[in-house]
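Asks: got a predicted structure here, sequence first:
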Amino acid sequence: MLTMKDIIREGHPTLRKVAKEVDTPLSEEDKALGQEMMEFLKNSQDPEMAEKYELRSGVGLAAPQINEQKRIIAVLIPAIDENGEEFILFEDVMYNPRIISHSVQKAALADGEGCLSIDRPIEGLVPRHERITVEWTDAEGNKKQQRFRDYEAIVIQHEIDHLNGKLFFDRIDPLQPYAARDFKLL
Ligand SMILES: OCN(O)CCCc1ccccc1
Ligand code: NI
């Protein structure tokens with residue numbers, strides 16, 4: 001199972017490289033890799049497993065973060081319903097994800113962002129597209145296309161950035177990190 005020691009940190013060159021598309025039909029290796037990444041997210045969101053294996057909780061993971069220069073991301077977004085019950089808003093391993101359209105409207109998490117590969121807090125708003133349409137291949141080899149907005153869209157953009165060698169703080173305005181000019185705060 002993947003643990004924090006498998007996650008490369010700021011300064012490792014792979015974090016700044018552009019990852020390569022994976023071949024389809026998917027190889028067994030690439031399917032296994034995606035499964036391992038999703039298992040890490042599930043473990044990281046399970047209080048007992050997270051404590052036992054000292055995992056930082058994550059809602060997404062990109063293959064470059066485990067030093068694999070492949071365009072694979074795992075996304076596991078939980079939410080709480082009106083009765084306080086937790087449910088999964090979105091769960092999938094996305095192969096060769098591509099943003100095929102997006103809103104002009106921008107959005108940012110009011111509390112900023114963090115990253116499993118960055119071991120320090122970096123303040124500031126990270127402006128991203130408020131809505132995106134993403135195309136990808138899933139682990140069964142199906143071509144998928146879905147529209148995302150708000151938090152889900154933010155997470156998926158954070159992960160796709162990793163595939164292009166970008167880190168969240170690249171998008172923070174160094175002169176005015178908290179200027180929420182024309183974007184929606186989430
Ligand atoms: O790349 C995933 N990872 O570093 C975990 C953090 C994911 C994440 C955190 C805040 C906003 C968007 C995405
Ligand atoms: Ni990250």
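Replies: That came in fine, so what should we check first? Ligands and ions are numbered 1, 2, ... in the order given.
Asks: and the next helix or strand past the lengthiest strand in the chain?
Replies: When every strand of the chain is counted residue by residue (DSSP state E), the longest turns out to be strand 86-102. Secondary structure here is assigned by DSSP states H and E; on that basis, the next helix or strand after strand 86-102 toward the C-terminus is strand 106-108.
Asks: Phe40 and Arg56 touch, don't they?
Replies: No - shown here, Phe40 and Arg56 do not form a contact pair, counting by Cβ atoms under 8 Å, at 10.3 Å. No exception for glycine: its C-beta is placed from N, CA and C like everyone else's.
Asks: give me the more crowded residue out of these two.
Replies: With neighbours defined as other Cβ atoms under 10 Å, Phe40 and Arg56 compare such that Phe40 has more, 26 against 12.
Asks: just say helix, strand or coil for that one.
Replies: Secondary structure for Phe40, judged by DSSP: H, G, I helix; E, B strand; the rest coil, is helix.
Asks: hmm, back to that, what about the longest strand of the chain and ligand 1, touching?
Replies: No - Strand 86-102 stays out of contact with ligand 1 when judged by Cβ under 6 Å from any ligand atom, the minimum separation being 12.4 Å.
Asks: so how far is that strand off the chain centroid?
Replies: Between the mean C-alpha location of strand 86-102 and the chain-wide mean there is a distance of 9 Å, by Cα atoms, centre = their mean, to the nearest Å.
Asks: again with stretch 13-21
Replies: 15 Å.
Asks: list phi and psi for Asp138.
Replies: Backbone torsions for Asp138, taken as degrees, to the nearest 10, come to phi -90, psi 180.
Asks: Gln35 and Val93 touch, don't they?
Replies: Yes - with contact defined as Cβ under 8 Å, Gln35 and Val93 form a contacting pair (7.2 Å).
Asks: neighbour count for those two, which is higher?
Replies: Using other Cβ under 10 Å, the more surrounded residue of Gln35 and Val93 is Val93, with 26 against 13.
Asks: from Leu125, how far out is that one?
Replies: 29 Å (Cβ to Cβ, to the nearest Å).
Asks: kindly report the same for Ile80.
Replies: Going from Ile80 to Leu125 by Cβ to Cβ gives 24 Å.
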